[in-house]
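Chemist: just coords:
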């Protein structure tokens, strides 16, 4: 080859190569952009300011005046306060009467529990409790219709205590975590997995009051509002992002869960015979989130144990008496091993 | 947060991007030194430049497609290059496309030789590039109970700030690719000197070894890339597994065709079924570790043995084919 041409060629190549290396140096790393400091906005800080003042007053006047405390968590504070391990204990079901009738009376506020002292737990295992001023959780395992169910009934003082945490702390995070690790990260008292939103590109997803995705053709979606109430939009009702943006339920929602189907709505059994996901007619481990009453929930998991892998169909879950007469219920994802963490 | 190396008013450079650039530099230099083609001097230079550009495009496009939620839009994916991520498998697609186009348009006369040089360079480049994990937010492996030097790293959870001990899967990838690069260089040099080198053989071995290593190591990551329709098996594992199974079948057919009369067919059939069985067992172990994550030591050990068996089967077939070709030449 002509020598001058070779030299020119090599020069051009070297320049292009150096430019590409410089581009890689400058771009192939996640940068944190420093934003300009915005002017102080009282409106934005007022929620946190009022909460801080309320907490100071409540704790300061604790021994002087009996004030109704407001235990509100901010959704933007991803990590919740650490539960107190001293409030966790285990008792046989038969000896739990004092707990549910007296100690938890205030937080239950007249509501009745599904759990009772007559329940026969699996192999006589003790029932797990967590009880403090803000949350009462009782978890046990029992046989229902030949399947082993893990049930956790929770009563909270404020709707903000029902929270959703996404792996990595943000929507669209590329990371996947184990449920137990996630529960530990955010100091959950009771946690359940149930909506692997990254698994499929469908579903109506609201997170931190913001609509993230709106592909509602195949899935029922459950919306949790500021009162902690579960509301539903059925599959096919929202087909576009614009529809979702104008939907009142979406606007009012703190977050959504979209696996489904809806099993109970307004105390009526509405479980469908067919559904796009979850192999509803086959036997798989399943979980469901039930709203028993105001700020009163139950997580139902039918996952079997090593010695008994009998799991129900979707209708089998509906037929167990855990769902009868409940306010609302949404089926969460079916898996070969559903589970939840209990801190 | 990534570690900053250089910060000025004009730009900021992070340690991870320095290591990535160093990896690209080493890969390119090794490719230019290995691939000898004095007659068509422009060929390798053009290949390098086009490969870098097309690979970056494919890597970015693939990452956007598989992690759409991480991007505001496709436009954002190709304007804010420092956000989101890049899929290494896209680099392979990009480079393969460029190589194929070179062959189609006659820019290269010996595609196999080109790919051999690219294979050694790729192994070297990946082994250096993966060390950038030292300066990234996490080493992206699963959580382990005890800290083991070199095999685990202590990282801070990006949300809670609590410390976690995670398997250093990127370091493991770096070590695996380094060993592959060393093996390929020794194999290439040794056979070249003895004039037993066959064009394309190094690339073939790279594909086998890298696929086998990724089949296991990608399973240990907690940020693997999945197709939109399937969240069980990652794209890398799908490609690696498919390649290994395909190579078992193709190599077996080549053995039968090349040495039908001389080869011991019973033995070859046995090796073939052993290879398929190992592949099936490997797949089962992946399913097992997803269901019983706490038994990862057992599952990954079994998977490793199965993959070693698969590599042995494919290389055994390859050696049989080469031996029969040499016998034919003699």
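Modeler: Received, thanks. No experiment lies behind these values; they were computed from the predicted model shown.
Chemist: got the contact list for the closest residue to residue B:70 other than its chain neighbours?
Modeler: Using CB to CB, 6 or more residues apart in numbering or on different chains and skipping residues adjacent in sequence, the residue nearest residue B:70 is residue A:172, 4.2 Å away. Every residue, glycine included, has its C-beta placed from N, CA and C. Contacts for residue A:172 were tallied using CB atoms under 8 Å, 6 or more residues apart in numbering or on different chains; they are A:212, B:67-71.
Chemist: and which of the residues you listed is nearest residue B:130?
Modeler: For the contacts of residue A:172, the closest approach to residue B:130 (CB to CB) belongs to residue B:67, at 19.5 Å.
Chemist: That closest one touches residue B:224, doesn't it?
Modeler: No. Residue B:67 lies out of contact with residue B:224 (CB atoms under 8 Å); the separation is 10.6 Å.
Chemist: More neighbours: those two, which one.
Modeler: residue B:67 (21 against 18; other CB atoms under 10 Å in any protein chain shown).
Chemist: For residue B:85, see how far away that one is.
Modeler: Distance, residue B:67 to residue B:85, by CB to CB, to the nearest Å: 7 Å.
Chemist: Quick check: neighbours shared by these two?
Modeler: residue A:174.
Chemist: Point to the residue nearest the middle of the chain.
Modeler: Just going to use chain A. Closest to where the C-alpha atoms of chain A average out (CA atoms, centre = their mean) is residue A:164, at 3.8 Å.
Chemist: um, chain B though
Modeler: Short answer for chain B (CA atoms, centre = their mean): residue B:210, at 4.3 Å.
Chemist: can you tell me the helix or strand for it?
Modeler: Assigned by DSSP states H and E, residue B:210 falls within helix B:201-217.
Chemist: For chain A, tell me whether that helix is touching it.
Modeler: No. Helix B:201-217 is not in contact with chain A by CB under 8 Å from any CB of the partner chain; minimum separation 15.8 Å.
Chemist: Which residue ranges of chain B form strands?
Modeler: B:4-7, B:12-14, B:152-156, B:163-167 (DSSP state E).
Chemist: Of those, which is nearest chain A?
Modeler: strand B:12-14 (3.7 Å; CB to the nearest CB).
Chemist: how many other residues sit next to the closest residue in space to residue B:54 that isn't next to it in sequence?
Modeler: With sequence-adjacent residues excluded and distances taken as CB to CB, 6+ apart, residue B:54 is closest to residue B:94, at 4.0 Å. Applying other CB under 10 Å, we find 22 residues neighbouring residue B:94.
Chemist: ditto for residue B:106
Modeler: Using other CB under 10 Å: residue B:106 sits among 7 other residues.
Chemist: From chain A, how far off is it?
Modeler: With distances taken as CB to the nearest CB, to the nearest Å, residue B:106 is found 17 Å from chain A.
Chemist: what residues are up against the residue of the stretch 1-150 of chain B found nearest chain A?
Modeler: Residue nearest to chain A within the stretch 1-150 of chain B (CB to the nearest CB): residue B:69, separated by 3.3 Å. Counting by CB under 8 Å, 6+ apart, residue B:69 touches A:171-172, A:198, A:212-213.
Chemist: ok so, going back, counting neighbours, which bits of the helix holding residue B:210 end up buried?
Modeler: Applying a neighbour-count criterion of 16 or more other CB atoms under 10 Å in any protein chain shown, one finds B:201-217 buried in helix B:201-217.
Chemist: swap in stretch A:250-257?
Modeler: Under 16+ other CB under 10 Å, the buried positions of stretch A:250-257 are A:250, A:252-257.
Chemist: Domain map for chain A?
Modeler: A:42-71, A:73-343 (automatic domain parsing).
Chemist: Output the ones you listed as CSV; include the columns distance to residue B:51 and mean pLDDT.
Modeler: Output for the domains of chain A, formatted as CSV (distance: least, CB to CB, whole Å; pLDDT from 0 to 100):
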stretch, distance to residue B:51, mean pLDDT
domain A:42-71, 49, 66
domain A:73-343, 25, 82
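Chemist: Quick check: the residue nearest to the centre of chain B vs residue A:223, distance?
Modeler: In terms of CB to CB, residue B:210 sits 46 Å off from residue A:223.
Chemist: Over to residue A:287?
Modeler: 19 Å.
Chemist: Understood, closing this out.
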